[in-house]
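*Asks:* no FASTA, just this:
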């Protein structure tokens with residue numbers, strides 16, 4: 001899956017936007033992985049170069 005798509009899903013998860021219709025199995029698995037814990041979400045944000053934006057948001061969950 002391309003990084004732009006992963007970024008979009010990550011921000012959807014942060015914003016509480018549910019999955020859109022019929023998503024592929026890869027998209028659903030990715031989404032479940034980052035929804036499972038804020039640590040997984042933060043790690044993925046770091047891989048995508050979004051850690052500054054995401055960590056500010058997830059600090060409330062620690």
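*Replies:* Perfect, I can see it now. None of the values given here were measured: they were computed from a predicted structure.
*Asks:* any idea which residue sits dead centre in the protein?
*Replies:* residue 10 (2.5 Å; CA atoms, centre = their mean).
*Asks:* Pretty sure it sits against residue 45.
*Replies:* Yes - Residue 10 is within contact range of residue 45, at 6.4 Å (criterion: CB atoms under 8 Å). Every C-beta, even on glycine, is put in place using the N, C-alpha and C of the backbone.
*Asks:* got the contact list for the closest residue to residue 35 other than its chain neighbours?
*Replies:* Distances taken as CB to CB, 6 or more residues apart in numbering place residue 13 nearest to residue 35, at 5.6 Å, with adjacent residues excluded. Residues near residue 13 by CB atoms under 8 Å, 6 or more residues apart in numbering: 31, 34, 35, 41.
*Asks:* Tell me, how many residues neighbour residue 43?
*Replies:* Burial measure for residue 43: 15 neighbouring residues, criterion other CB atoms under 10 Å.
*Asks:* My error: substitute residue 37 in the last question.
*Replies:* Neighbours of residue 37 using other CB under 10 Å come to 12.
*Asks:* and the gap between the residue nearest to residue 35 and residue 26?
*Replies:* According to CB to CB, to the nearest Å, residue 13 stands 15 Å off from residue 26.
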